[in-house]
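Colleague: Everything below, folded, please.
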Amino acid sequence: MEQEVSPESLLELLTRNKKELDAIALRFLPQASPNKEISTLYEMMRDYPSRGGKGFRGSLCLLWCELCGGQREDALVAATALELFQNWILIHDDIEDESDLRRGHPALHRKYGVPLSINAGDALHGKMWELLLSNQKKLGEAISFQVLREFSSMLNETTEGQQMELSWTVSKNWEITESDYLLMVTKKSAWYTCISPARIGVILGTISTESTNEDRRRILERLIQMGTDMGIAFQIVDDILNLTASEERYGKEILGDIFEGKRTLMMIHLLSNCNAEERRKIISTLSKPRQEKTVQEAKRIFELMKKKGAVDYASNVARKHAQSGLALYDSICRECGLRSAKSYDTIRLLLEYLVKRDY
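Modeller: Reported below is the predicted structural model:
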């Protein structure tokens with residue numbers, strides 16, 4: 001079995017992987033045009049990929065490929081495309097949520113305006129598919145098609161989850177249950193954060209190994225539940241950090257979810273555990289346009305969340321899903337003979353880090 005991985009070496013690995021994947025992306029993306037307007041588009045497309053980030057998704061893809069006995073080089077393009085997926089999705093997400101910051105800098109639409117930023121997100125989306133298609137000769141048509149299908153499924157799930165969350169805001173619906181929230185974050189977050197990166201890594205890791213199609217199918221099916229648990233835990237932790245982390249480290253505005261009126265698990269718990277007058281005041285504040293909410297109002301809601309035990313409740317739900325996800329990971333690796341594989345410990349530590357991070 002691989003020598004135990006330390007948290008410090010894991011962060012170093014994430015940093016190295018992210019730099020490598022960003023370099024591939026930035027070499028692939030266009031840089032300049034004789035036309036000034038098109039050059040501006042290229043600059044906008046390169047903006048978010050130039051801001052760094054943690055690279056969870058790309059690293060998971062690379063590590064699952066290695067776990068299944070594959071060659072890391074076979075997964076580099078897909079891992080890079082996963083990072084591009086996140087970047088173009090975030091451009092649109094920041095517009096839809098009216099966010100101010102992304103990775104410590106003004107969101108793209110705050111710099112260039114909404115119309116140009118939507119177009120840049122669309123352009124980056126197109127480049128993601130182009131990058132994947134560029135790998136067809138290396139992978140062969142059959143494997144390339146499977147990878148494209150996984151990206152298509154990931155896109156469908158993510159946009160369905162986004163539709164749920166945006167619809168709640170547009171319709172001013174506050175009758176959201178915990179099960180509604182869990183379905184939304186499974187679709188919006190779990191698929192593109194955990195499920196799809198792992199599944200794509202497995203597909204690429206079994207190209208030239210002795211694994212049968214049945215072995216691969218069994219692993220791919222079980223990864224859906226494992227990734228669902230880990231993705232739910234990841235998103236709940238992210239929601240908590242939005243309220244508790246330092247803005248400098250977190251890279252987004254603190255209390256932003258309250259300003260945006262997000263139906264997080266903490267908010268659902270709060271509204272279910274306060275009296276009628278408290279609920280009326282909270283919903284009245286949350287229903288205001290973002291620019292009309294004050295920092296004092298957001299802080300009062302956060303303090304009430306803590307008083308009613310909403311943050312502790314959400315932390316417990318995240319911990320239970322993380323424990324379930326890690327147990328499923330161990331079960332998959334044990335049953336498929338992967339516990340002695342090179343990346344077993346590294347993936348487990350990364351899955352733990354997803355829910356233990358502080359920014």
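Colleague: Name the single longest helix found in the chain.
Modeller: Looking across the chain with DSSP state H, the single longest helix is helix 213-244.
Colleague: gap between that one and the chain center?
Modeller: Here helix 213-244 is found 10 Å from its chain centre; the criterion is Cα atoms, centre = their mean, to the nearest Å.
Colleague: again with stretch 96-111
Modeller: That offset, for stretch 96-111, works out to 17 Å (Cα atoms, centre = their mean).
Colleague: hmm, back to that, helices or strands next to the longest helix of the chain in the packing?
Modeller: Here helix 213-244 touches helix 178-185, helix 196-205, helix 256-259, helix 265-272, helix 310-335, helix 344-356, going by 3 or more Cβ pairs under 8 Å, 6 or more residues apart in numbering; DSSP states H and E. Glycine gets a C-beta too; all of them are placed from N, C-alpha and C.
Colleague: Now do the same contact list for the closest residue to Gly231 other than its chain neighbours.
Modeller: Nearest residue to Gly231, sequence neighbours excluded (Cβ to Cβ, 6 or more residues apart in numbering): Ala190, at 2.3 Å. Applying Cβ atoms under 8 Å, 6 or more residues apart in numbering to Ala190 gives the contacts 227-228, 230-232, 234-235.
Colleague: Could you check how far Lys111 is from Asp100?
Modeller: To Asp100, Lys111 is 11 Å away according to Cβ to Cβ, to the nearest Å.
Colleague: Also Ser331?
Modeller: Separation of Ser331 from Asp100 (Cβ to Cβ): 42 Å.
Colleague: who has more neighbours, those two?
Modeller: Neighbour count, other Cβ atoms under 10 Å: between Ser331 and Asp100, Asp100 has more, with 15 against 12.
Colleague: Could you list which residues are in contact with the more buried one?
Modeller: Counting by Cβ under 8 Å, 6+ apart, Asp100 makes contact with 106-107, 110, 253, 256.
Colleague: ditto for Gly227
Modeller: Contact analysis of Gly227 by Cβ under 8 Å, 6+ apart lists 190-191, 193-196, 198-199, 325.
Colleague: now do Tyr42
Modeller: So Tyr42 contacts 29-33 (Cβ under 8 Å, 6+ apart).
Colleague: out of these, who's nearest Gly261?
Modeller: Minimum distance to Gly261 across the contacts of Tyr42 is 34.1 Å, recorded for Leu29 (Cβ to Cβ).
Colleague: Tell me the buried residues in the helix or strand containing Trp168?
Modeller: Using DSSP states H and E, Trp168 sits within helix 141-170. Using 16 or more other Cβ atoms under 10 Å as the burial criterion, the residues of helix 141-170 that qualify are 143-144, 146-148, 150-151, 154-155, 157-158, 161-162, 164-165, 168-169.
Colleague: Could you check how far Ile347 is from Cys65?
Modeller: Taking Cβ to Cβ, one finds Ile347 at 11 Å from Cys65.
Colleague: neighbour count winner among these two?
Modeller: More neighbours surround Cys65 than the other of Ile347 and Cys65, with 28 against 22 (other Cβ under 10 Å).
Colleague: ok, back up a step: now the contacts of Ala190 in CSV, with distance to Leu182 and pLDDT?
Modeller: Output for the contacts of Ala190, formatted as CSV (distance: Cβ to Cβ, whole Å; pLDDT from 0 to 100):
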residue, distance to Leu182, pLDDT
Gly227, 14, 98
Thr228, 9, 98
Met230, 13, 98
Gly231, 10, 98
Ile232, 6, 98
Phe234, 13, 97
Gln235, 9, 97
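Colleague: Which PyMOL command selects the buried ones in the residues you listed?
Modeller: Here is the PyMOL selection string for the buried members of the contacts of Ala190, based on 16+ other Cβ under 10 Å:
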select buried, resi 227+228+230+231+232+234+235
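Colleague: Could you report the neighbour count for Leu326?
Modeller: By the criterion of other Cβ under 10 Å, Leu326 has 18 neighbours.
Colleague: The helix holding Trp168 to helix 196-205, inter-axis angle?
Modeller: Interaxial angle, helix 141-170 versus helix 196-205 (axes from the mean of the first three to the mean of the last three Cα atoms, to 10 degrees): 180 degrees.
Colleague: Most neighbours out of the contacts of Tyr42, which is it?
Modeller: Within the contacts of Tyr42, Leu29 tops the neighbour count with 18 neighbours, counted by other Cβ under 10 Å.
Colleague: Just send the contacts of Tyr42 back as CSV, with pLDDT, secondary structure and distance to Lys307 too.
Modeller: Listed next are the contacts of Tyr42 as CSV, based on pLDDT from 0 to 100; DSSP: H, G, I helix; E, B strand; the rest coil; distance: Cβ to Cβ, whole Å:
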residue, pLDDT, secondary structure, distance to Lys307
Leu29, 98, coil, 48
Pro30, 97, coil, 52
Gln31, 95, coil, 52
Ala32, 94, coil, 55
Ser33, 97, coil, 55
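Colleague: Lys293 reaches Phe259, doesn't it?
Modeller: Yes - in this structure, Lys293 is within contact of Phe259 by Cβ atoms under 8 Å, at 5.4 Å.
Colleague: what about these two, which has more around it?
Modeller: Using other Cβ under 10 Å, the more surrounded residue of Lys293 and Phe259 is Phe259, with 23 against 19.
Colleague: check contacts around the more buried one.
Modeller: By Cβ under 8 Å, 6+ apart, Phe259 lies in contact with 253, 290, 293, 298.
Colleague: Number of residues surrounding Lys137?
Modeller: When neighbours are defined as other Cβ under 10 Å, Lys137 has 9 of them.
Colleague: so it, which of the three states?
Modeller: With DSSP: H, G, I helix; E, B strand; the rest coil as the basis, the three-state label of Lys137 is helix.
Colleague: Distance check, the residue nearest to Ile195 when sequence neighbours are not counted against Val317.
Modeller: Among residues not flanking Ile195 along the chain, Gly227 sits closest, at 3.3 Å (Cβ to Cβ, 6+ apart). Distance of Gly227 to Val317, computed by Cβ to Cβ: 17 Å.
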